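Novice: sequence first, predicted coordinates after that:
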Amino acid sequence: MKRILMLIAFAACTIGVSAQEYLDWGILADVKFKDHYSKEYKMDLLKATFGDMVKPYDGKEVMLSGYMIPIDPMGTAYVLSRNPNSSCFFCGGAGPETIVGLKLDPKHTKRYKTDEYMTFKGTFKMNELNEKQFTYMILDAEKL
């Protein structure tokens, strides 16, 4: 009986270890940008330097809520934005830290409405200088 109680106690203590953490947009603001010349694009692009608040989340499973914004005409690629479409990074002059690219899990790929407020979970990735990706990404993103 003692052994069963110890197993139950151990299982209860480890349940939260693998759970995802809720990521706040304020934490994503812990980044600075400076110009970096791209030979491929022949122009200055932004290079990110991440702060101590955001670094621990890299590679971890997280949850993040925001506004859905399509980035292709077919509505199959999206970013999650801190702000609605009218004031997002692309249209309203907010910074690149206010959007997170979503690499949707194939089971969760569908058309989403622009400005629909949603929560996704997945693996958080930071991008210092990949010129073909966003500063932040959520990989294998699943809608909650």
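Specialist: That came through fine.

Novice: what kind of secondary structure is Thr76 in?
Specialist: Following DSSP: H, G, I helix; E, B strand; the rest coil, the label given to Thr76 is coil.

Novice: stretch 21-37 - what's its average pLDDT?
Specialist: Mean per-residue pLDDT for stretch 21-37: 92.

Novice: you'd agree Gln133 is in a strand?
Specialist: No. Going by three-state DSSP, the assignment for Gln133 is coil, not a strand.

Novice: residues touching it, list them.
Specialist: Counting by Cβ atoms under 8 Å, 6 or more residues apart in numbering, Gln133 touches 101, 127. Bear in mind the C-beta positions are built from the backbone N, C-alpha and C, glycine included.

Novice: and the gap between it and Leu144?
Specialist: From Gln133 over to Leu144 the distance is 23 Å, taken as Cβ to Cβ, to the nearest Å.

Novice: over to Lys34?
Specialist: The gap separating Lys34 from Leu144 is 35 Å, by Cβ to Cβ.

Novice: equivalent analysis for Leu64, please.
Specialist: Distance of Leu64 to Leu144, given as Cβ to Cβ: 10 Å.

Novice: and for these two, which residues touch both?
Specialist: Here Leu64 and Leu144 share the contacting residues 119-121, scored by Cβ under 8 Å, 6+ apart.

Novice: by neighbours, which of those wins?
Specialist: In terms of neighbour count, Phe120 stands highest of the shared contacts of Leu64 and Leu144 at 23 neighbours, by other Cβ atoms under 10 Å.

Novice: next SSE after the helix or strand of the chain with the lowest mean pLDDT?
Specialist: The weakest-scoring helix or strand in the chain, judged by mean pLDDT, DSSP states H and E, is helix 2-14 (a mean of 40). Downstream of helix 2-14, the first helix or strand assigned by DSSP states H and E is strand 21-22.
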